[in-house]
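# Give the three-dimensional model of this entry:
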Amino acid sequence: IQTQSKIIKELSVLKVTLAKRIFSKKFKLKDDNGKDFPEWQKKKLGEIGTITTGSSNREDSILNGEYTFFDRSQDVRTSNRFLFDKEAVIVPGEGQEFIPKYFTGKFDLHQRTYAVFDFIGINGKYLYYHLLNDDKHLQSQAVGSTVKSLRLPMFKTMPISLPSIPEQTKIVNFLSSLDSKINIETQFLHKLEEQKKYFLHQMFV
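The predicted structure is shown next:
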């Protein structure tokens, strides 16, 4: 279990390190012919998608609903209604961290949580990785002393580095493969932990 935990930690560090190098353009992927992709453009977040908040409250969420409910917390909750049926990147509008989530399908949304969708010239999952890598920008723009919050105007003006669609796809595939590897190793860790519980139970029956 200790070895497996170390493997997962090292993979996670590797992913974060490579993502930072990719988005800082210190590590460049090549096209299928081994050539460089075109230069990246700069856009504002409000120019490449629709940004809106929901209209639901925490009290509207339940434990065993049909649809996923997103608010500022990291725990997964559900709802019996949906406000959107979209490919979307979800970002909490307040809290100490602004960790994005990527989702496709029907979902309910808290009134202080943002959803970005109807993407223009950008791969939705690329935007997810971009925001995940650039969390310091969101933290620097948040206002408030006790509970930090993001205002829509500052969210709309967030700068986004925009490669060509083929390069975005390559970046998404590369980082997604690391995510898949981490998920597989995490599932194996859970199985080891279950085996440990079983053996301990058998020892003390």
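# Let me see the ranges of the strands in this protein.
Listed in chain order, the strands of the chain (DSSP state E) span 41-44, 50-53, 67-70, 77-79, 84-92, 101-109, 113-117, 159-162.
# is it possible to export those to JSON lines including distance to Ser61, mean neighbour count and mean pLDDT?
Backbone N, C-alpha and C define where each C-beta goes, glycine included. Shown next, in JSON lines, are the strands of the chain (distance: least, C-beta to C-beta, whole Å; neighbours: other C-beta atoms under 10 Å; pLDDT from 0 to 100):
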{"stretch": "strand 41-44", "distance to Ser61": "32", "mean neighbour count": "12", "mean pLDDT": "94"}
{"stretch": "strand 50-53", "distance to Ser61": "15", "mean neighbour count": "16", "mean pLDDT": "94"}
{"stretch": "strand 67-70", "distance to Ser61": "4", "mean neighbour count": "22", "mean pLDDT": "94"}
{"stretch": "strand 77-79", "distance to Ser61": "4", "mean neighbour count": "18", "mean pLDDT": "92"}
{"stretch": "strand 84-92", "distance to Ser61": "14", "mean neighbour count": "21", "mean pLDDT": "95"}
{"stretch": "strand 101-109", "distance to Ser61": "7", "mean neighbour count": "18", "mean pLDDT": "95"}
{"stretch": "strand 113-117", "distance to Ser61": "11", "mean neighbour count": "23", "mean pLDDT": "95"}
{"stretch": "strand 159-162", "distance to Ser61": "30", "mean neighbour count": "17", "mean pLDDT": "94"}
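# Could I get these in JSON lines, plus columns for distance to Phe27?
Supplementary listing: those in JSON lines, determined by distance: least, C-beta to C-beta, whole Å:
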{"stretch": "strand 41-44", "distance to Phe27": "19"}
{"stretch": "strand 50-53", "distance to Phe27": "29"}
{"stretch": "strand 67-70", "distance to Phe27": "31"}
{"stretch": "strand 77-79", "distance to Phe27": "37"}
{"stretch": "strand 84-92", "distance to Phe27": "23"}
{"stretch": "strand 101-109", "distance to Phe27": "22"}
{"stretch": "strand 113-117", "distance to Phe27": "26"}
{"stretch": "strand 159-162", "distance to Phe27": "14"}
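# Out of the ones you listed, flag the one nearest Phe199.
For the strands of the chain, the distance to Phe199 is smallest for strand 77-79, at 33.9 Å, taking C-beta to C-beta.
# Packing partners of the closest one?
Using 3 or more C-beta pairs under 8 Å, 6 or more residues apart in numbering; DSSP states H and E as the contact criterion, the secondary-structure elements in contact with strand 77-79 are strand 67-70.
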